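S.K.: Prediction below, plus the sequence it came from.
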2 protein chains.
Amino acid sequence: MSASSILVVGSLAYDDIRTPVASRDSVLGVAASYFAMASALYAPVRLVGVVGDDFRESDVARLAKRGVDMSGLERRRGGSFRWRGTYDFALDTAETINTDLGVFGGWRPQIPAAFADSKVIFLANIDPEIQLATLQQMSAPTLVALDTMNYWIEHSRDALLRVIGKVGLVSINEGEVRQLVGKLNVARAAREILALGPRAVVVKRGEHGATLYLKDATFWAPAYPIEEVVDPTGAGDTFAGGMLGYLASQPRIDDAALRRAVLHGSVCASFAVERFSVDGIEAATRADVERRHDALLDLIRP
Amino acid sequence: MSASSILVVGSLAYDDIRTPVASRDSVLGVAASYFAMASALYAPVRLVGVVGDDFRESDVARLAKRGVDMSGLERRRGGSFRWRGTYDFALDTAETINTDLGVFGGWRPQIPAAFADSKVIFLANIDPEIQLATLQQMSAPTLVALDTMNYWIEHSRDALLRVIGKVGLVSINEGEVRQLVGKLNVARAAREILALGPRAVVVKRGEHGATLYLKDATFWAPAYPIEEVVDPTGAGDTFAGGMLGYLASQPRIDDAALRRAVLHGSVCASFAVERFSVDGIEAATRADVERRHDALLDLIRP
């Protein structure tokens, strides 16, 4: 059984991270990086992103070593996207200290001709107009998923709703889905998103797991319990990587596969949060994933 | 198969509840009331509590109609326990506007001789010294469970830890277990409680469900998804009622039964929050419970 090809389009950043316990400067940050490190455990991954002069060759090499096709990486004059953030003691929400978009600002992804036939597409968090323009460059995707964030919900809600109408899967966190729909009840909010077109909405609940909303069913996945969260940055992108990676490895993307995929998302995210930057998911092997996947199944065995 | 008898010892209050949507005054409040309404769906329930002159005969009759043995209800000169609270828009945490313990203050439960042989005991939220004194009046319980609250964790931590060492199951919410152990990580905190003696710790996570921690396993139960929460008061006590009710109905209280019991707790709590006071759980039948139980199983079917 051969896996479908995955395309991820998104940022590659350098982050300065502060937590109450430790700090790291200029570490590889969201979003395509985390996604690719996870999804490449399951299927061939192609990455389209942009970086500046300051981007380390060694970071490109790390992704290439994981098997990620980095030939779609644009290098431009200027600085890479940089984000500086601080987490409080609960390690759940980040306070942004500074964002410098660098060459990522105003970037319009050009999908290389060799990537246009990719089957599973992840449109990482970026201006929804750009997500839409990117999507139009794809020839015949079987599943397109998108992530977003509160900024676009506030500033580009109409464009975001338009692109949501064209994708198969929306990956969104609890606060964002409430904000997007203007409803406190997450199940209701997710149903409204489904009504726009997607076949699946995955609501990420952090340490509480994730919920998959399908037209006729709901699946409640636990988070893999981590006793020592070090850095939650990139958890959502890694989640999406595990989920789409698993789906790309399956012969059919049906509802049953979607349910199982959410568990793989949970597992991959659990590796990401155990270390700073992509270090945790980079160190995870497919065997590690299978072990945690079995443990998750046991967590929900009635 | 005949069910074991359940004894609940705890308060019967009158609540004034404010939510952003509606209000109710002098409605039957926590804790033994909610617990009994749920557990009586599964097994014979005996209630020990205290009320004042103002307590309505009709509220006693509602519980008796459910099959609850009310012969252990003490009536004293004075007012019943009264609580006035307000919920914010998220309907998760209550702000206490006023508490008047009334005849509940200083009450020392006397367990009627006819109740001393009860098999499954629920020590609802009350001074842990009183929980301990109550426990000593029981002849041969097979399972004792307790609930508590932040007040006792702050003011009677040592006594609380002592009584925890003597019970089989601790039902506690996420914030409380963190506070009790002084650890942010819930899984770690729950393990520390298990080390004190109980065979099971159930951490209630509100709309995120509940987690059962056993010595060698963990079970992650979803909440039954409610699209319109009306009043979360008593959800935890109703949860405990469903859980212990189910356990009392089983031939053996083993780990498998404990896992299934948490699902019954979730289901019963879902009925409680759909209406003010005990109205929601009072209206639920065993058939209603079974339908939601099946739906919960479907929610976690991988």
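M.R.: Here it is on my side, so go on. Everything quoted here is computed from the prediction, not taken from an experiment.
S.K.: shaky segments in the stretch 151-300 of chain A?
M.R.: Across the stretch 151-300 of chain A, nothing is flagged by pLDDT under 70.
S.K.: For it, just list every one of the strands.
M.R.: Secondary structure of the stretch 151-300 of chain A (DSSP state E, counting those that start in this stretch): strands located at A:169-173, A:200-204, A:210-214, A:218-221.
S.K.: roughly how far out does the shortest one sit from the chain middle?
M.R.: The gap between where strand A:218-221 is centred and where its chain is centred comes out at 19 Å by Cα atoms, centre = their mean, to the nearest Å.
S.K.: do it and chain B meet?
M.R.: Yes: counting by Cβ under 8 Å from any Cβ of the partner chain, chain B is contacted by strand A:218-221 at A:218, A:219, A:220. For glycine as for every other residue, the C-beta is placed from the backbone atoms N, C-alpha and C.
S.K.: Output those residues in a markdown table, with neighbour count appended to each entry.
M.R.: Conversion of the residues of strand A:218-221 next to chain B to a markdown table gives the following (neighbours: other Cβ atoms under 10 Å in any protein chain shown):
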| residue | neighbour count |
| --- | --- |
| A:218 | 19 |
| A:219 | 26 |
| A:220 | 25 |
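S.K.: ok, now which ones touch the closest residue to residue A:270 other than its chain neighbours?
M.R.: Distance criterion Cβ to Cβ, 6 or more residues apart in numbering or on different chains; nearest residue to residue A:270, sequence neighbours excluded, is residue A:224 at 3.6 Å. Contacts for residue A:224 were tallied using Cβ atoms under 8 Å, 6 or more residues apart in numbering or on different chains; they are A:266, A:267, A:269, A:270, A:292, A:295, A:296.
S.K.: near chain B, which residues of the stretch 51-200 of chain A?
M.R.: In this structure, the stretch 51-200 of chain A approaches chain B at residues A:89, A:90, A:91, A:184, A:185, A:186, A:187, A:188, judged by Cβ under 8 Å from any Cβ.
S.K.: Take these and lay them out in TSV including neighbour count.
M.R.: Below are those laid out as TSV (neighbours: other Cβ under 10 Å):
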residue	neighbour count
A:89	9
A:90	13
A:91	20
A:184	13
A:185	18
A:186	22
A:187	16
A:188	15
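S.K.: and the two most separated of the residues you listed?
M.R.: A:89 and A:188 (31.8 Å; Cβ to Cβ).
S.K.: And the residue of the stretch 51-200 of chain A closest to chain B?
M.R.: Of the stretch 51-200 of chain A, the residue with the smallest distance to chain B, taken as Cβ to the nearest Cβ, is residue A:187 at 4.7 Å.
S.K.: circling back: out of the residues of the stretch 51-200 of chain A next to chain B, list just those in helices.
M.R.: Cross-referencing those with the helices (criterion: DSSP state H) gives A:186, A:187, A:188 as the overlap.
S.K.: List the residues that contact the second one.
M.R.: With contact set as Cβ under 8 Å, 6+ apart, residue A:187 has these partners: A:211, A:213, A:218, B:225, B:227.
S.K.: what's residue A:186 in contact with, if anything?
M.R.: Remark: with contacts taken as Cβ under 8 Å, 6+ apart, residue A:186 is in contact with A:174, A:177, A:178, A:203, A:211, B:207.
S.K.: Which one of these is nearest to residue A:146?
M.R.: Using Cβ to Cβ, residue A:177 is the member of these that sits closest to residue A:146, with 12.9 Å.
S.K.: Hmm, the closest one is touching residue A:188, no?
M.R.: No: under the criterion of Cβ atoms under 8 Å, residue A:177 is not in contact with residue A:188, lying 9.7 Å apart.
S.K.: quick revisit: possible to save the contacts of residue A:187 as TSV with distance to residue B:247?
M.R.: Below are those laid out as TSV (distance: Cβ to Cβ, whole Å):
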residue	distance to residue B:247
A:211	28
A:213	32
A:218	27
B:225	24
B:227	29
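S.K.: Going by distance to residue A:235, which of the residues you listed wins?
M.R.: For the contacts of residue A:187, the minimum distance to residue A:235 (Cβ to Cβ) is 15.6 Å, reached by residue A:211.
S.K.: and the spatially closest residue to residue A:243 that is not a sequence neighbour, how many neighbours?
M.R.: The spatial neighbour of residue A:243 that comes closest, neighbours along the chain excluded (Cβ to Cβ, 6+ apart), is residue A:265 at 3.6 Å. As a burial measure, the neighbour count of residue A:265 was computed by other Cβ atoms under 10 Å in any protein chain shown and equals 30.
S.K.: Quick check, residue A:265 in contact with residue A:239.
M.R.: Yes: Residue A:265 is in contact with residue A:239 according to Cβ under 8 Å; the separation is 4.0 Å.
S.K.: residues shared between the contacts of the two?
M.R.: Between them, residue A:265 and residue A:239 share these contacting residues under Cβ under 8 Å, 6+ apart: A:202, A:210.
S.K.: quick one, the top helix by length along chain A and strand A:210-214 angle?
M.R.: Longest helix in chain A by number of residues (criterion: DSSP H): helix A:255-272. Orientation note: helix A:255-272 sits at an angle of 160 degrees relative to strand A:210-214 (axes from the mean of the first three to the mean of the last three Cα atoms, to 10 degrees).
S.K.: Name the residues of helix A:255-272 that are buried.
M.R.: A:258-272 (16 or more other Cβ atoms under 10 Å in any protein chain shown).
S.K.: Over to stretch A:71-86?
M.R.: Going through stretch A:71-86 with 16+ other Cβ under 10 Å, the ones that come out buried are A:72, A:73, A:79, A:80, A:81, A:82, A:83, A:84, A:85.
S.K.: distance between the ends of it?
M.R.: End-to-end distance of stretch A:71-86 (Cα to Cα, to the nearest Å): 33 Å.
S.K.: show me what contacts the closest residue to residue A:218 other than its chain neighbours?
M.R.: Using Cβ to Cβ, 6+ apart and skipping the chain neighbours, the partner closest in space to residue A:218 is residue B:299 (5.8 Å). Remark: with contacts taken as Cβ under 8 Å, 6+ apart, residue B:299 is in contact with A:218, A:219, A:220, B:222, B:225.
S.K.: now the end-to-end length of stretch A:140-160.
M.R.: Comparing the first residue of stretch A:140-160 with its last one, the separation is 21 Å (Cα to Cα).
S.K.: now the residue most central in space within chain A: how far from chain B?
M.R.: Residue closest to the average C-alpha location in chain A (Cα atoms, centre = their mean): residue A:237, at 2.2 Å. Between residue A:237 and chain B the distance, using Cβ to the nearest Cβ, to the nearest Å, works out to 22 Å.
S.K.: right, and that residue touches residue A:28 too?
M.R.: No: under the criterion of Cβ under 8 Å, residue A:237 is not in contact with residue A:28, lying 11.8 Å apart.
S.K.: Tell me the one of the residues of strand A:218-221 next to chain B nearest chain B?
M.R.: For chain B, the closest of those turns out to be residue A:220, at 3.9 Å, with distances computed as Cβ to the nearest Cβ.
S.K.: For that closest one, give the beta-bridge partners.
M.R.: The residues listed as beta-bridge partners of residue A:220 by DSSP bridges are residue A:211.
S.K.: With residue A:203 instead?
M.R.: With DSSP bridges as the rule, residue A:203 is bridged to residue A:172, residue A:211.
S.K.: Please apply the same query to residue A:74.
M.R.: The bridge-partner assignment for residue A:74, based on DSSP bridges, gives residue A:50.
S.K.: could you list every residue that touches it?
M.R.: Residue A:74 is in contact with A:48, A:49, A:50, A:51, A:107, A:110, counting by Cβ under 8 Å, 6+ apart.
S.K.: how about 10 Å then?
M.R.: A:48, A:49, A:50, A:51, A:103, A:107, A:109, A:110 (Cβ atoms under 10 Å, 6 or more residues apart in numbering or on different chains).
S.K.: are any of the residues you listed buried, and which?
M.R.: If you count burial by 16+ other Cβ under 10 Å, the buried members of the contacts of residue A:74 come out as A:48, A:49, A:50, A:51, A:103, A:107, A:109.
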